[in-house]
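Participant: Give the three-dimensional model of this entry:
(one chain, ligands or ions: 1)
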Amino acid sequence: MPLRDVLESLKTDVNEGLSTAEVARRLDVYGYNELAEKQETPWWKQLIAQFQDFMVLVLLCATLISAFLGEYVDAITILAIVLINAILGFIQENRAERSIKALKKLTAPNAFVIRNATLQHVPARELVPGDILVHEAGDKLAADARLVSVNNLEIEEAALTGESLPVRKICDRHFAEDTALGDRKNMVYAGTIITRGRGQSVVCDTGPHSEVGRIADMIQDVGDEDTPLQRRLEHLGKLLVWGCLVICAVVVAIGIFKGEPIFLMCMAGISLAVAAIPEGLPAIVTVCLTLGVQRMIKENAIIRRLPAVETLGCVTVICSDKTGTLTQNAMTVRKLYTAGTTYEITGSGYDISGDFLRNKQEFEPRKDKNLELCLITATLCNNSIIKQNNVAITGLWRKKQNSGWSIEGDPTEGALVVAAAKAAIWREDLEKTLRRIDELPFESERRLMSVVYQDQEMSKFVYSKGAPDTILDLCKSYWVDGRELQLTDDNLQSIRKVHDDMTSQALRVLALAYRRLVPTEKVDGSIEHDLVFLGLIGMIDPPRDEAKQAIQICRDAGIKAVMITGDHPNTAIAIADELKLYELGANRALTGRDLDAMSDQEFNKIASKVSVYARVSPAHKLRIVKALKQNGHIVAMTGDGVNDAPAVKEADIGISMGISGTDVTKEASSMILADDNFATIVAAVEEGRGIYDNIRKFIRYLLSCNIGEVLTMFVASLVGLPLPLLPVQVLWVNLVTDGLPALALGVDPTEANCMRRPPRHPKESVFSRGLSRKIASRGAQIGFSTILVFTGIYLLRNDLALARTMAFCTLVFCQLFHVFDCRSENYTIFELGMLTNPYLLLAVAASTIMQLSVIYVPFLSNIFATVPMTAFDWLIVLTVAGWTFILSLLKHILRLARGSVKPVAVKIR
Ligand code: ATP
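Facilitator: Numbering: from 1, shown residues only. I've put the predicted structure just below:
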C-alpha cells in the first residue's frame, strides 16, 4: 500500500504516534507482541519426576513389600523420608528454574517508539499495530512494520529469508501484492537486524501475526544449556551409581551369606544405595550457580548463559573498550584550535556554563568568526540533545540552576552541543534558516560523520566532523578569517603538532570541516571530499576511579587487562597510563594499521604482550580475540556496536554494554554490563571464582560423607560385624546431612584471597589441587571412626542397639563437624570466622536438633530403634567425630593467646 493508506488504515500519525489509552485498547484487541510460549510443565508433574529416579523407585517397591510383610512403621518412615527428600529436591529445582526464568525476563528486548508525541523506550512485548518505531544500527526488529523514513537503512534478513547480505531499504515505493518477502524493500520484519543507518516505521503486525510468528514453531527456544561442570558431574554421577550399586550388592551378599535376614539386608543395601548416590548434586550446583547469578545482578552484571559463570573464573584476559567502560563517558570540551589559535574552554560536565579563553583572557566567542564557524559545524553535524532534569533544553531557555544536566544521544556529540551552548549557539536557532537534507551517519569504521544543510537561498553545505587523520585526508584547504586557503605541508605539520599536543594530554580530538556544494552536485554518499578544514576540538573523558582499582585487582589475580579503542594512540596511551594499564617497555601498544601490516603468525607471537590497541575498527577485535585464544588465553571481550557482535561471540566471555550496547551485541554476548563499567567485569570474575569454589566445597562435603557411609557398611560386613546402621538410620543420615548443610556451603562468602591467585585452567578437573585426596582421606576417616565406635561398644558392652545408636550419631556428627572444614582449602574455620556463614550455623543447628529428636523423642526413637545415650557415651561420640575440629580450635586459642591471629579471611557481602 502507499504509505498514506497504511497510516490511515492503522489510524496513526508519524509525529504523534499512538496515545497511551489507544495502546491499551489495541493491546486488548491484538494481545502482546510475543510468540506463543512452550507449554510449561505443571508443578505436580515436576514433583512426580522427583520419584522417577531408578534407585528411589526400587526403594519404594521394597518399602511396599515391607508393608505387606507387616513392617508398617518402617514402611511409613521410609516413605516419609523419601517424600521429604523429594519435596526438598523439588523446591531446589523449582527455585533454580524460577531464577533462570527471571533472568530471561531481565534480558528481554526493548524498542524505541513515538507515543504521545515523545520518544519512549518500551518493552518490545507491548508494541501494537500503529506504533511508530524508531530504528538505529544494531537494533533487532521487534515487529513487522512499514517504513516511514529511511537514512541509509540496511537490514540483514537471514533469519527470515536465509540471505545473509544486508538489504538496502526504501520507503517511497510500494510493490505488487505477491512480491516475495526478500524483495519487499519498504517493509521490515521482526527478528531481522539493522546493520546500518537509521529509519522510522509503523508497526503492522505483532506477535503470532508477524512473519516470524507464523514460523514460530520451527524456531522455538532450544533447551537450557548445561554448564561444562554440570555435564561432567552428570557423568561422574553415573559412575558413582554403578560403584555404589556394586558395593551395596557385595554388602547384601555377605550379609545374607552370614545368615542375616534376607529382607533386612536387601532393605539395607537399597537404603545405602539411595543414601550414597549424590542425587542432589546437580540440583545444588544449579541452585549455587543461579544464586550467584542473582548476586551478580545486584552488582550490575547480568548473565545470559549459565555456563558463563564457570568460564568467568577462568578468564585470563579482559579486553575492554575504552570510552564509557574504562572512562566515564562524560565528555567535556577543553580546547579548540582554529586558524592558528588555541582556545581554552572552562566549565565541567554537561553544565552549559563556561567561558572561552584566548591567551588566558576571557572574550566574547561570537565575535571571533573562525571560532563561531567551528562551533556552528560542531552543533549542526550532531544529533545529541542537552537535557536538564530530563527536559530538553534549546536556545530559548534561560539557565536557572546548575544541577541535573544530562545528554540524550552520543556523549561525544553532547560535549560539542554543550561547548556551542557556552557561546549561545543552538542547533534549533540555526535550523530556523537552515534545513537538514541528508546525513551520512557516524560509523566506527569510517570515524566520520557528515550532514548536508540547505539555506534559504537553496545553497547546500556539507558539515563534517571525525577523527583528525580521516578529516585531514579529505581536506584540500583550510579556513581563516572568511577565506579558504590552500592546505600546504607546513599547515598540515602545525595542525598535527597541535593535535599531538592535545592527544598526549589524554584529550579525545575531533576535526571539523565543511564545504559549499556546487549547485548541480548530487547529494549522495560521495560528497565527503575537497573539504575545508576548520579546526580541532579536544575533550576530556576522565578515567573511572573504580576502573583503576579494578585493574590493580586484575593484576593481583593474574588477569591481563587490555584496552581496545577507536581513539588515537596518544589519547589511548595517556589514559592507559593513568589507569596503570600500560607501562612503557613492559607492554606494547598497537594501532589498527600495525595490525593490518602483520600476518596472523606475526601477530600471534606478540598478542600476549599488547595492552593497548588504538584506532582499531570492530573487525580487528575478532582478530585480537582469535590471536589471544591461540595463545591459550581465556578471553573476555566487551562490545557495543553492531559490528562488535562477531568478536563478542567468538570470545570465551562475550560482554555487551547495557546502556550503550545494541540488541545484536547483547544477543551475541554471554553477559551484559548494566552500568557499562569495567569494574563490574572484575566483580563478576570474582563472583565466578567464588561460585566455583563453593561448588568444590559441597562436592568435597557430599562425596566424603557418602564415602564414609558406604565404607561403614562395607567394612563392617567384610569383617563380619552385624549391620552397623539400620536401613531407616542410613536414610536419615542422608536426609540430615546432605540437604541443608550442603546448601549452606553453596552460599558461603568468597574467600578474601580469591583474587590473589592465578586463574583456574578451564580443563582442570573439579577434583584437582588435592581435592580428591582430601575427599578420600576424610571419607575413610568418617567410615573408620563410625566403625571404631560401633565395634568398641558392641564388643565391650555387648549392646547392639546402643552400638548402633552411637555409630549412627558418630556418622552424623563426623559429617556435621566436617562441613566446617569444607568451607576452605586454605584457612581453618576459625580463621574464616565461625559467624561469617550464619546459614551454615543454622543448618548444623537444625541437623543437630533433628538428630537429637530421633534419639530422645520416644515416638521417634521407637521408629529409629535408638536408645538413650549417657553423657559419657556422648563424650565418646563427639571426641571421635570432632577431634580434628577440637584440635584446630585449641591451636586457634593458642594463637589468640600469642596475638598472632590474622583478620577474617572472607569477603562479607
Ligand atoms: P571505544 O571503542 O573505546 O568506545 P571510541 O568510542 O573512541 O572507542 P569510536 O567511537 O569508534 O571509538 O571513535 C573513533 C574515533 O572516531 C574517535 O576517536 C573520534 O575521533 C571519532 N568519533 C567518535 N565519535 C564521533 C562522532 N559522533 N562523530 C564523528 N566522529 C566521531
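
Participant: where does whatever residue of the chain ends up closest to the ligand fall, phi/psi-wise?
Facilitator: With distances taken as CB to the nearest ligand atom, the chain approaches the ligand most closely at residue 566, which sits 2.6 Å away. In short, each C-beta sits where N, CA and C put it, glycine included. When read as degrees, to the nearest 10, the backbone of residue 566 gives phi -90, psi -10.

Participant: What degree of burial does it show, as a neighbour count?
Facilitator: The local packing of residue 566 (other CB atoms under 10 Å) involves 22 other residues.

Participant: and what of residue 677?
Facilitator: A count of nearby residues for residue 677, using other CB under 10 Å, gives 25.

Participant: Can you name the residues that contact it?
Facilitator: If a contact means CB atoms under 8 Å, 6 or more residues apart in numbering, then residue 677 has 300, 325, 544, 546-547 as its contacts.

Participant: Kindly reformat those as JSON lines containing distance to residue 337.
Facilitator: As requested, the contacts of residue 677 are arranged in JSON lines below (distance: CB to CB, whole Å):
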{"residue": "300", "distance to residue 337": "38"}
{"residue": "325", "distance to residue 337": "28"}
{"residue": "544", "distance to residue 337": "28"}
{"residue": "546", "distance to residue 337": "33"}
{"residue": "547", "distance to residue 337": "29"}
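
Participant: Quick one: the helices in the stretch 801-909 of the chain, in order.
Facilitator: 829-832, 838-856, 858-863, 871-898 (DSSP state H, counting those that start in this stretch).

Participant: where among these is the average confidence lowest?
Facilitator: Out of these, helix 829-832 stands lowest, with a mean of 86 (criterion: mean pLDDT).

Participant: How far does it sit from its chain's centre?
Facilitator: Per CA atoms, centre = their mean, to the nearest Å, the displacement of helix 829-832 from the mean C-alpha position of its chain is 32 Å.

Participant: on that earlier part again, could you export the helices of the stretch 801-909 of the chain to JSON lines, including columns for distance to residue 704 and mean neighbour count?
Facilitator: Formatted as JSON lines, the entries for the helices of the stretch 801-909 of the chain read as follows, by distance: least, CB to CB, whole Å; neighbours: other CB atoms under 10 Å:
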{"stretch": "helix 829-832", "distance to residue 704": "16", "mean neighbour count": "19"}
{"stretch": "helix 838-856", "distance to residue 704": "16", "mean neighbour count": "16"}
{"stretch": "helix 858-863", "distance to residue 704": "27", "mean neighbour count": "13"}
{"stretch": "helix 871-898", "distance to residue 704": "12", "mean neighbour count": "14"}
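
Participant: Out of those helices, which gets nearest to residue 649?
Facilitator: Among the helices of the stretch 801-909 of the chain, the nearest to residue 649 by CB to CB is helix 838-856 (37.9 Å).

Participant: Does anything pack onto that closest one? Which helices or strands?
Facilitator: Based on contacts counted as 3 or more CB pairs under 8 Å, 6 or more residues apart in numbering; DSSP states H and E, the elements that helix 838-856 packs against are helix 727-738, helix 740-746, helix 800-821, helix 858-863.

Participant: Name the residues of stretch 229-246 that are buried.
Facilitator: For stretch 229-246, burial by neighbour count (16 or more other CB atoms under 10 Å) applies to 229-230, 233, 236, 240-241, 244-245.

Participant: just to revisit the earlier point, and the helices and strands packed on helix 838-856 as TSV, adding distance to the ligand?
Facilitator: Conversion of those to TSV gives the following (distance: least, CB to the nearest ligand atom, whole Å):
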stretch	distance to the ligand
helix 727-738	49
helix 740-746	38
helix 800-821	47
helix 858-863	66
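
Participant: Let me have the ones you listed in a markdown table, extended by distance to residue 768.
Facilitator: What follows is the helices and strands packed on helix 838-856, written out as a markdown table (distance: least, CB to CB, whole Å):
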| stretch | distance to residue 768 |
| --- | --- |
| helix 727-738 | 24 |
| helix 740-746 | 19 |
| helix 800-821 | 18 |
| helix 858-863 | 42 |
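
Participant: which of the contacts of residue 677 tops the neighbour count?
Facilitator: residue 325 (27 neighbours).

Participant: Once you drop chain neighbours, what's closest to the residue of the chain closest to the ligand?
Facilitator: Among residues not flanking residue 566 along the chain, residue 444 sits closest, at 5.2 Å (CB to CB, 6 or more residues apart in numbering).

Participant: wait, what's in contact with the one you found?
Facilitator: Residues counted as contacts of residue 444 (CB under 8 Å, 6+ apart) are 566, 617-618, 641, 643.

Participant: Tell me the buried residues within those residues.
Facilitator: 566, 617-618, 641, 643.

Participant: got CSV for the residues you listed, with pLDDT too?
Facilitator: As requested, these are arranged in CSV below (pLDDT from 0 to 100):
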residue, pLDDT
566, 91
617, 85
618, 83
641, 82
643, 82
